[in-house]
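Novice: Below are the sequence and a predicted model for it; my questions follow.
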Amino acid sequence: MSAFVISLKENGQLKYTYNSRRGKTILTSMEYSSKEAIHGTINFLKNNFELVSLYKFRTPSGKYFFKIAIDQNIYATSRKFTTELRLIKGMDEVRRNFIASEILDFSVDIFASAEEVFGKED
């Protein structure tokens, strides 16, 4: 099952990645200031997936990538692919599993450090 993974960037902003069922990152979103904005965008994209356009691009070094957009508004950019076949497979993964993907929130550290649990040893 593919998944959206929400994470906190070093600058304090939030982002999501769309990962394949094998755990490989396919897409990375723009920056967001709140989880509500991310959830709203993901739900908007899922509910309006028939309007989503996938635009293909090629870097000067010959790598391939794509962007997800609705009405010329870019919502996410894919990772760079070394071949056009891999690009097509990445786009197919998005088309097949995007709507059914779950959302995982890793923006909060749920694992306490040993010092927080046991106190600092002297």
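Specialist: Everything's here; your move. Numbering: from 1, shown residues only.

Novice: Tell me, how many residues neighbour residue 108?
Specialist: The number of residues packed near residue 108 is 9, by other C-beta atoms under 10 Å. (Each C-beta comes from the backbone N, C-alpha and C, glycine too.)

Novice: tell me which residues in stretch 50-65 are buried?
Specialist: For stretch 50-65, a neighbour-count test (16 or more other C-beta atoms under 10 Å) marks 64-65 as buried.

Novice: What segments of the chain are helices?
Specialist: 35-47, 84-97, 114-118 (DSSP state H).

Novice: Make TSV out of those helices and add mean pLDDT, mean neighbour count and distance to residue 1.
Specialist: Formatted as TSV, the helices of the chain follow (pLDDT from 0 to 100; neighbours: other C-beta atoms under 10 Å; distance: least, C-beta to C-beta, whole Å):
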stretch	mean pLDDT	mean neighbour count	distance to residue 1
helix 35-47	94	15	14
helix 84-97	95	15	7
helix 114-118	57	9	32
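
Novice: so residue 84 makes contact with residue 63?
Specialist: No. Using C-beta atoms under 8 Å, residue 84 makes no contact with residue 63, being 10.2 Å away.

Novice: ok, now how distant is residue 103 from residue 55?
Specialist: 24 Å (C-beta to C-beta, to the nearest Å).

Novice: pLDDT below threshold where in this protein?
Specialist: Within the chain, the ranges that satisfy pLDDT under 70 run 109-122.

Novice: In it, what residue spans correspond to strands?
Specialist: With strands called from DSSP state E, the chain shows them at 3-8, 14-19, 25-29, 53-58, 64-70, 73-78, 102-105.

Novice: Run the chain-centre distance for the last one.
Specialist: On the basis of C-alpha atoms, centre = their mean, to the nearest Å, the separation between the geometric centre of strand 102-105 and that of its chain is 10 Å.

Novice: do the same with the fifth one
Specialist: Taking the mean C-alpha point of strand 64-70 and that of its whole chain, the gap between them comes to 12 Å (C-alpha atoms, centre = their mean).
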